[in-house]
Every structure is written in structure tokens, then in C-alpha cells.
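>>> whatever this is, show me its structure:
(chains A, B, C and D)
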4 protein chains.
Amino acid sequence: MELWFSEYQTKNVKLSFRVTDVIYTKQSEYQYISVFDTEDFGRVLALDDTVMLTTKDEFIYHEMISHIPLLTHGNAAKVLVIGGGDGGTVREILKHPVKEINLVEIDHEVIETSKKYFPAVSCGLSDPRVKIFCEDGIEFVKKHSGYDVIIIDSTDPIGPAVGLFSSQFYKNVFEALNDDGIMVAQTETPILFGDLIKRIYTDMSATFPYTNLYSAVIPTYPGAFWTFTMGSKSINPISQEISDIPFLETKYYSRELHKSYFVLPPFVKDIISK
Amino acid sequence: MELWFSEYQTKNVKLSFRVTDVIYTKQSEYQYISVFDTEDFGRVLALDDTVMLTTKDEFIYHEMISHIPLLTHGNAAKVLVIGGGDGGTVREILKHPVKEINLVEIDHEVIETSKKYFPAVSCGLSDPRVKIFCEDGIEFVKKHSGYDVIIIDSTDPIGPAVGLFSSQFYKNVFEALNDDGIMVAQTETPILFGDLIKRIYTDMSATFPYTNLYSAVIPTYPGAFWTFTMGSKSINPISQEISDIPFLETKYYSRELHKSYFVLPPFVKDIISK
Amino acid sequence: MELWFSEYQTKNVKLSFRVTDVIYTKQSEYQYISVFDTEDFGRVLALDDTVMLTTKDEFIYHEMISHIPLLTHGNAAKVLVIGGGDGGTVREILKHPVKEINLVEIDHEVIETSKKYFPAVSCGLSDPRVKIFCEDGIEFVKKHSGYDVIIIDSTDPIGPAVGLFSSQFYKNVFEALNDDGIMVAQTETPILFGDLIKRIYTDMSATFPYTNLYSAVIPTYPGAFWTFTMGSKSINPISQEISDIPFLETKYYSRELHKSYFVLPPFVKDIISK
Amino acid sequence: MELWFSEYQTKNVKLSFRVTDVIYTKQSEYQYISVFDTEDFGRVLALDDTVMLTTKDEFIYHEMISHIPLLTHGNAAKVLVIGGGDGGTVREILKHPVKEINLVEIDHEVIETSKKYFPAVSCGLSDPRVKIFCEDGIEFVKKHSGYDVIIIDSTDPIGPAVGLFSSQFYKNVFEALNDDGIMVAQTETPILFGDLIKRIYTDMSATFPYTNLYSAVIPTYPGAFWTFTMGSKSINPISQEISDIPFLETKYYSRELHKSYFVLPPFVKDIISK
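Just a heads-up that it's a prediction; the model follows:
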């Protein structure tokens, strides 16, 4: 059927998927949530017409935002996820021997939607180690602390998520972390948004002794070359030997490449160092 | 202006660019050639409505298809490029101390178009070391030999390029290579075309003692996670120490990662080993 | 939501509607049936991605294909509709004092779909005067006769409906009509398909003593300027006084314009007379 | 080539044309002017991505906005056109024995563009009877008078053209007309913009003794069913016998239908009378 969903990845670039079925739509308090099935990328969750995940490639994002900081830390017991209401990041964190995960998702409708329509993504949300808070993550980090790893699994820096890309927020995250704590945030693509990446890197570097970018290819995100920016209070990711955890099953992340992920292509190095 | 070029990356996935100007169009003997300017990806060359290159991200493809086999070989004097009429691959090869490059492009209109509209890509085509043959690459390799490296810089395996993805062709390439020769071909994306990648890998492995995949993220190609498959007659890329060439300026390729490129994500390993 | 249905009105013209909900889709034996809600044109029925009707403008087509032949005839008792499984044409015919309507729709799934999802269109299908035959209309007219008016309410002349636009079919319809019988067929747009209209007019004229075109504007059909071609065995539509039937409620058809409808714009006259 | 121009006819309806060539684009002081060739509708002039004319169907609009008021008036010597910089309306007016045409087009770039790229449309602009004023039509009518017919050949009622759809403007036009003067304005489609048509009709009726709507089918305008609203100071269009001018060659307008054009479909009558 000639029925297509399009994401305007920028005002001038559009990625479109042929839709076989519209499963669910809802205007929540915060955003327009839609779930639909596509021919080539399986089921898709979109928020305000921006693809959050497809069942075809979500493993890449969720593995890379989780395993890199957790394995770098090596001994995380308490983890905070801001955003990530679909549960994919939690699912990956639960592959590690953590004791407690706090998930702070502002929009409880995202959680309900994922539980109902993406069981293979949201499966970890009912684990007894997971506590869900439907609150604003910006406020949450001001009032909570003691985390080993904090993962900012947010939407793009427009609308409600803007505050999650601010210098002050990184300072608050720093305070909420334990002394060997590590934060990581999804930080968009250098193909299209070099200035944003430069600013985030600069801001995070002003607070964290160690700031490192790494990347992953996410076919359904703008520019596909996606970055994550990691701030570390005392552990240097480059020299850290990664811990040996049994049974870490992954489809994209490769332990052999753990340190290689931090080696940036020259054009990305240029962006953050200019 | 609401003027958009769309590539059907598959029947069910479409990538669209807002066009600011149409620079040139021509139905050549082999394909429909178009050149247009876009807002976010600069100037684009498309063949039969498939994006060949954008000035924004072409460096990734051209660096990765060239430097990996050339640095693995370490001492290539004579290089054959099949396809690649835009000249981007030749430009990268010329960063190495080669003595002769043969470019076999079936459609001379592609070469003319690139020379006229993509000077920064085609710049190496006038180098005295480059000999251009406007012929069918499939026939060419049956009649020529003595190459250190052969690069298959082709369009997708539909239409005229089908023969460039065949088992017999790989055998002919093997014969055309010197004893320590290396071939590489662009081999599409595992995100969408796992079966194709598996078949190519199997076919190339049947001929070459060493067959290795590596990948790069190419934002404007289908699936973005792009693979290259490399066949080597005697050099094992995994154990080979890469040579130290001065002045290899790159924007994507990183010498530090040379061996890491051959480490595949588990889901790609699964595809080629199942 | 950025969810759009597009109809390729030709290979080179596309009309797209923003979709708010997909109500129903089904691959029937004959075609792909889809029902969806749009922002501006209400609910839409599409067959093989071609818009059959929208609740916003269906009244125009259904009134014009029915009232012109029926009022021209003036005393129709038995009416045959070929195609028209949605029931819109039947609904309009039932505004006249007819005794029997035969509806011959090849695809019973169209009837079921309309009954379920378009009650205001299909409402007349359960009238006791209506007999529904799920058969091929081309065969049906060879075996049935005695009709005062035959209405060809078909899809476009591609695929199964091709035979409904043939010279032989018009001859068979002629035989199935009473001596003062009238047929009418929907016959596409002169804006885009002048040759087709010329051919239909020529073919119908070869069989019927009186052949007349009339038109209506149908916003959601290709070219919007839509024609109907009417063949009459003995009544001359131009000189016939139209009968006075009480209570003919219409939204587009205007009795004042009955004869004006047969006056064609010069460019359409040119098409059929050249 | 998969190169498409799309007009958002509303936020939720889009008409797209496959483009074969982009001929000219320019950001003028007032609007973005584009000229491009399409497969099925010939050359297109668009202002701010809204189709002004296609060489395929422009005759319909230009004939209907001109001949109806001029033939109703019967003896127009001095005619004012506001907007209409492409020249199509002037071309049609020149088929009548007028003495003077004033064309008031705010954007001289539209005139230059049409002269250069649409010779068959702009051909009349160099006629000695035509005086061109590159001014704001709203101001112009306050300062000029003595017209027999005034034609408002404007863009849609957004942006600079808003004032051309106001009650005060109609009053000023009334003053600028001779005692038997007639104005006409293009007034959009009742399929999508019933409220607008109702308001225009009400406003014009408050000033003019005779106000009449008529329509034409314009395939490339939103809704296709296009209206024109005509205000007359003393001539009643319904009872007026139209004059007999030799050699009025038209392709859409039909003198036989002159009075029929003022008979509205019931659904349009409902809109303006409710």
C-alpha cells in the first residue's frame, strides 16, 4: 500500500518507511506517540514523528549506550537511566550484575506503550531491580545521588529534552554520581550537527576530568553515524582494563573493540578540537 | 522550495533530499545520470536515481575502499579499479606511492560528468599514472593481469553490475592479481541484504585463501552500515603489520583502527557463518 | 502525524492525503482494499491504491453517474449497475421510482467493506429492490437483458476493468438494454487521457445512435475534470424534456443545468471530433 | 528521475509533480519564484511553492476570470487587473475590443519571469493598450478610477494578498468602477474553504447590488472546484444578454453556457446562504 511514514531528519532530509499497519497512536501530555509496522524495519516507535526505535536495529543503540559505560566502570551497582521509557537500555543493563536501576521517564505513556507493543524491548521493566519514576529527569538528578553510572537516553535537544543537553545539567549529574561514576549521553550525529557535538563535548569536559566520544552506526537515526559522549569522574576509559563478565550476549557491541570505539575518525576529532 | 529527490533504498524505504538546484541530467547508454545540489549533503551524483556520492560524505566510502587493501598489501605498484568513474577512489589511491592505476569504467559519461561537476572528487583522473579504459570490467579482467590490488567500485548488483558480484568474476579477478594480490569489493549492507553478503562472502572464500569483511558508516547509502569484502591471495590481513606511509591524510580512516575494522559485530559474524 | 497515503494519478502526478487512521486493509482475490481516515477528505476507500471514494466528495460522482441517465430516460424501471460495489450509485438510483436494481460487482469484499465502514454510502444495498450479483459484469451482460438504464461504475481501464472499456462490451450492453435504453460509463479525464476518451466516444458512437459526454469536477480523481459517456438507443438527451420527480435531493446535480451538462468545453469537443 | 515538486494544498493534502527540469528560481522581494518543467502538466510557475499556472491547464483559469465579467459588461473599454503578473488574464482580455488595460502587479519579478519563460502566457503584456504598474493593488485602487471591469487575479489570502480579500478593499474597488462596472475575484474552493467563500460572498454583497459566484474546474488548484465571485454595480448578470463579439476563441469557456455558469450546485448555494 502506498502508505508512508516520513521523518524529517532535518528540514531538508527525510527518511520514509512504507507502513503496513498503524498499531497505536496517542497524543500524550508530552508528545505524539505512534507505533506502526513497516515492511523492512519491523515495528517502529516514534515520538513526535521522530523514530525512537525499530525492532530491526534497536539493539545497536541500546547495547552501545549501556555496555560501554558499564564495562568501563566495571563494578556498577546502582544505575540511573534518564529517559529510555521504552526499556531497551534497561534490558541491556540487566545483562550486568547491577543491584538497582532507577528509570526516570517523564512520560508514563511511553512506558505503557512499550510494555504493550514492544515486549522484547520493555521486557526488563518488570525486573525487581528496576524502579520507575515518572518525573522530569532534570529535577530528579538534583535530588538523588549515589549512582555508579548515569545514562541519558533522551530524545533530541528540542522541546522537553533541551535541558538534558545543558552545562548545568552535566554539573548536576556529576554531583549525583559516586566518586568513580560515569555518565553517558546520546549526542546526535557529527554528519549534520557538528556544532552541537562540539558544544556538548566542551560543556561536559568543563565538568568531567575524562570526556570521551564514541560512535555507532544507527541506520534509522539522522546521519546514521551516531555519537555518545561519556564523562568520567576518575576512571580513564582509555587505560581502563575492561572487566570480564560472563554471558554478555550482544549483537553489535564487541568486547574486542571496546577501546577502539573511543578512537574517533579524524573528521570527528576535528569537530571537537577546533 | 518543495523540490525533493528520493532514492528508493528498497521498495519500502526512501531517503529524500531537498534539492536547491538541478545541475545536470543525461540518459547515457547505460544509465540515467543526474547531478543536483541539496541543502544538507552538498552536491549529489545519482545513477538511475541511486545516490553514488554526495560531497558531504563521499570521503568515507572512497577512503575505506582504498586505504584498507592498499595498506594491507603494503607495496602495491599496479592497481585496477573497476567502476569508480567518478574518480574518488583514484584520488585516494594516489595518496599511496603506486606506479600505475587502471580505471575501467563502462560509462564514459560518468567520467565526463564527474570531471565537470565534481572537481574535488575527479581531480586524480588526469594524473599521468592513471589510464582510463571505457570498457566492461567483466571482460577486462579476463584479458589483463599483473595487479597488486583490484578494487571493485561498482553500483548495486542489479542491471549491468550483476556480473561483478558473481563467483566466476571473483575467479577471474584472482587470476588477474599477482601472487600477493588483494581484491576488495563494495558489498552492500547487512541491515537489509544479509543473504547477499553471505553469498558474496561464500563465493569469495571459495577462491581466496583469506576473505575478510570490514565496514564503514555511509549515511547516504541504504542501511548506512556498509560492508566491503576483501579477498587476499597470500597476505593475511589480520596478522599483517601495516606499512608506514607518510602524509596519508584522511578524514574517516584511522590507522590506529586498521585491524579493528576487520572485527565484525556479532550479528554480521552470524550472517556470514550461518 | 507524518503518515501519508499517495495515489499515483499517473506515473508523474501524485495526490497525497495525511492519514489519521488506517481502518481496514485486505488483499482480496481481485485487488488490495484499503480504508483510512484523512484530515481533509474524511474516510477514503482505495482499491489498489486508487481512490474510489472519499466521504467528502463522493456525492458528486454518484449523483452525476446516476441522475443524468435516469432523468434523461424518464421512466426507468429496471436498472443495472456494473461495478459500484460501494453502493453509492445504488443509493442515488433509489431516489428514483425504479422497480429493480441489479448490482454486478465482481469483488464481494468491496461490498462487505462498504457495508461495514461506509454506512452512508452503502445504505441502499439492503433495499429489497436491489439484487446483488458477485460476478464478472462482462459475462453478466451477455446473459441478461431488459434494462432501461445500465451504469458502468467501474475502476480505471487497467487490470480486470479493461474489458468494460471495449467496443464489444458496448455492443453487449446495447443488446441488454430495452429499446429506449440508456447506458452511461465513467470515462476518465480529458486533461490527461484524451486518447482514451476519444476511443471510447468513437466506439460507443459506433453502436449507439446518440452518444454524449458530460462532465463533473471530482477533486480526488486524476485531472479532476471527469467525464461520463452516455449511449442512448432512441432518446436524444439534447432534446428530451426531463421528467419532474418530486424530492430528488442532491448536493451537486442541478436540474436547471441538466441540458447544460452536455455542452462541452471547446477543448473536449476538439478531442472527440478530431 | 525521482525528482518531485509538491504543493501542500492544505497542511494535509499534497499534489506532486515529477519534475524533468528546473528552469529558474529566484527569491524576489515578495516571494520565492520557481519555474520548472513537469512530465504531465508542462511548464509550471509557482510562487512560494504554490502553483500559479501550468501550461497544460492555465487556459481554464485565465478564460474564466476574464470572459465572464467582460461579456457580462458587454462594452468594457478600460479594465484593471490586480495581480496577474504572468499575463494570462491580459492575454484573454485582449480578445475583447478594450481600449486600455492597467495591470497592477506588486512583484515585477513575476512579470519578468513570465516574459522570459512563458511567452505563450505573457504575450499580451507588450500590447500598446497595456500599462503595467509595479505597485500594491490595495493602494492603487484608492487612487485610480474610471474602470469598467476590475479583475482581482491574486494569490491566496495569505501573506501580501490578504488585503485583497477584505471588505474595505471591495468598497474601494466599487469606488474605482464606473456606474455599470463589474469586479471579479478568484475566490478559492468550496471543497476545502467554505467559510472563506461565505465571508467573501457576504462582504462583497454588502457593497455590490449584484453578487454572483461561478466556478470552473482547475485540476492543479486545491480542491479543483474553483470559484470566482463577481460584484456588479448595476448590471444583473443573470438577466443580461451577452454581447456578440466575433472571433472569441476559447478552449474552456463556452458562450452557450454563459448563464449556466452562475447556477451553483446545491452544496455551494448552501455554503453562501447558511
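>>> quick check: the gap between A:Leu125 and chain D.
For A:Leu125, the distance to chain D equals 36 Å [C-beta to the nearest C-beta, to the nearest Å]. For every residue, glycine as well, the C-beta is placed using N, CA and C.
>>> show me where chain A has its strands.
In chain A, the strands defined using DSSP state E lie at A:3-10, A:13-27, A:32-38, A:43-47, A:50-54, A:78-83, A:100-104, A:130-133, A:147-153, A:177-186, A:210-217, A:225-232.
>>> can you lay out those strands as CSV showing distance to C:Ala161 and mean pLDDT?
Formatted as CSV, these follow (distance: least, C-beta to C-beta, whole Å; pLDDT from 0 to 100):
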stretch, distance to C:Ala161, mean pLDDT
strand A:3-10, 23, 98
strand A:13-27, 26, 97
strand A:32-38, 31, 98
strand A:43-47, 36, 98
strand A:50-54, 38, 98
strand A:78-83, 52, 98
strand A:100-104, 56, 98
strand A:130-133, 56, 98
strand A:147-153, 53, 98
strand A:177-186, 52, 98
strand A:210-217, 47, 98
strand A:225-232, 49, 98
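>>> adding mean neighbour count and distance to chain D, write those strands out as JSON lines.
Formatted as JSON lines, the strands of chain A follow (neighbours: other C-beta atoms under 10 Å in any protein chain shown; distance: least, C-beta to the nearest C-beta, whole Å):
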{"stretch": "strand A:3-10", "mean neighbour count": "19", "distance to chain D": "11"}
{"stretch": "strand A:13-27", "mean neighbour count": "18", "distance to chain D": "11"}
{"stretch": "strand A:32-38", "mean neighbour count": "21", "distance to chain D": "15"}
{"stretch": "strand A:43-47", "mean neighbour count": "23", "distance to chain D": "18"}
{"stretch": "strand A:50-54", "mean neighbour count": "23", "distance to chain D": "19"}
{"stretch": "strand A:78-83", "mean neighbour count": "26", "distance to chain D": "30"}
{"stretch": "strand A:100-104", "mean neighbour count": "22", "distance to chain D": "35"}
{"stretch": "strand A:130-133", "mean neighbour count": "16", "distance to chain D": "37"}
{"stretch": "strand A:147-153", "mean neighbour count": "26", "distance to chain D": "32"}
{"stretch": "strand A:177-186", "mean neighbour count": "22", "distance to chain D": "31"}
{"stretch": "strand A:210-217", "mean neighbour count": "22", "distance to chain D": "25"}
{"stretch": "strand A:225-232", "mean neighbour count": "25", "distance to chain D": "25"}
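>>> D:Val44 is nearest to which of these?
The closest of these to D:Val44 is strand A:13-27. By C-beta to C-beta, the value is 21.8 Å.
>>> got a list of what A:Met1 touches?
By C-beta atoms under 8 Å, 6 or more residues apart in numbering or on different chains, the contact list for A:Met1 reads A:18-20, C:5, C:25, C:32, C:34, C:49.
>>> please read the previous query as pertaining to A:Asn178.
A:78, A:145-148, A:233.
>>> chain C: which of the residues you listed is nearest?
Among those, A:Tyr147 lies closest to chain C (C-beta to the nearest C-beta), at 36.2 Å.
>>> from the contacts of A:Met1, which is closest to B:Thr227?
Checking those against B:Thr227 by C-beta to C-beta gives A:Arg18 as the nearest, at 24.3 Å.
>>> now narrow the contacts of A:Met1 to whatever sits close to chain B.
A:Arg18 (C-beta under 8 Å from any C-beta of the partner chain).
>>> make CSV out of the contacts of A:Met1 and add distance to C:Gly194.
Shown next, in CSV, are those (distance: C-beta to C-beta, whole Å):
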residue, distance to C:Gly194
A:Arg18, 33
A:Val19, 36
A:Thr20, 37
C:Phe5, 28
C:Thr25, 34
C:Tyr32, 29
C:Ser34, 30
C:Asp49, 24
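>>> and the contacts of A:Met1, which is closest to A:Ala224?
Using C-beta to C-beta, those come closest to A:Ala224 at A:Arg18, 19.3 Å.
>>> count of neighbours near the closest residue to chain B within the stretch 151-274 of chain A?
At 3.3 Å from chain B, A:Ala224 is the closest residue in the stretch 151-274 of chain A, using C-beta to the nearest C-beta. Neighbour count of A:Ala224, defined by other C-beta atoms under 10 Å in any protein chain shown: 26.
>>> look up how far A:Val184 lies from it.
A:Ala224 sits 19 Å away from A:Val184, going by C-beta to C-beta, to the nearest Å.
>>> returning to what we had before: quick check: chain neighbours aside, which residue is closest to the residue of the stretch 151-274 of chain A closest to chain B?
Of all residues not flanking A:Ala224 in the chain, B:Ala224 sits nearest, at 3.3 Å (C-beta to C-beta, 6 or more residues apart in numbering or on different chains).
>>> need the contact list for the nearest residue to A:Ile218 once chain neighbours are set aside.
Spatial nearest neighbour of A:Ile218, excluding adjacent residues (C-beta to C-beta, 6+ apart): A:Trp226 at 4.5 Å. The contact partners of A:Trp226, by C-beta under 8 Å, 6+ apart, come to A:61, A:186, A:188-189, A:215-218.
>>> also A:Arg91?
By C-beta under 8 Å, 6+ apart, A:Arg91 lies in contact with A:62, A:121-124.
>>> in helices, which of those appear?
Of the positions in the contacts of A:Arg91, A:62, A:121-122 sit in helices, assigned by DSSP state H.
>>> let me know the closest of the residues you listed to B:Ser243.
Taking C-beta to C-beta as the measure, B:Ser243 lies nearest A:His62 of those, at 38.7 Å.
>>> now that closest one. Nearest residue, chain neighbours left out?
A:Gly88 (3.8 Å).
>>> count of neighbours near the one you found?
Quick note: A:Gly88 (other C-beta under 10 Å) scores 28 neighbours.
>>> in the sheet, who's paired with the residue nearest to A:Ile218?
Judged by DSSP bridges, the bridge partners of A:Trp226 are A:Ala216.
>>> and chain A, what are its domain boundaries?
Split into domains by automatic domain parsing, chain A comes to A:4-54, A:58-273.
>>> and the first one, how far from the chain's centre?
So the one you mean is domain A:4-54. Centre-to-centre, domain A:4-54 and its host chain are 18 Å apart (C-alpha atoms, centre = their mean, to the nearest Å).
>>> so where's the stretch 101-250 of chain A uncertain?
A:245-247 (pLDDT under 70).
>>> the same query, at a cut-off of 50, please.
Scanning the stretch 101-250 of chain A for pLDDT under 50 picks out no residues.
>>> coming back round to it: most surrounded residue in the ones in helices among the contacts of A:Arg91?
Neighbour tally across the ones in helices among the contacts of A:Arg91 (other C-beta under 10 Å): the maximum, 26 neighbours, falls on A:His62.
>>> and it, what does it touch?
So A:His62 contacts A:53, A:88-89, A:91-92, A:121 (C-beta under 8 Å, 6+ apart).
>>> cool, and A:Leu248?
Applying C-beta under 8 Å, 6+ apart, we find A:Leu248 in contact with A:67, A:95-96, A:255.
>>> for the residues you listed, which one is nearest A:Lys198?
Closest approach to A:Lys198 among these (C-beta to C-beta): A:His67, at 25.8 Å.
>>> number of nearby residues for the closest residue to the closest one other than its chain neighbours?
Spatial nearest neighbour of A:His67, excluding adjacent residues (C-beta to C-beta, 6+ apart): A:Tyr253 at 4.8 Å. Number of residues near A:Tyr253 (other C-beta under 10 Å) recorded here: 24.
>>> do you know how far A:Tyr253 is from B:Ser126?
45 Å.
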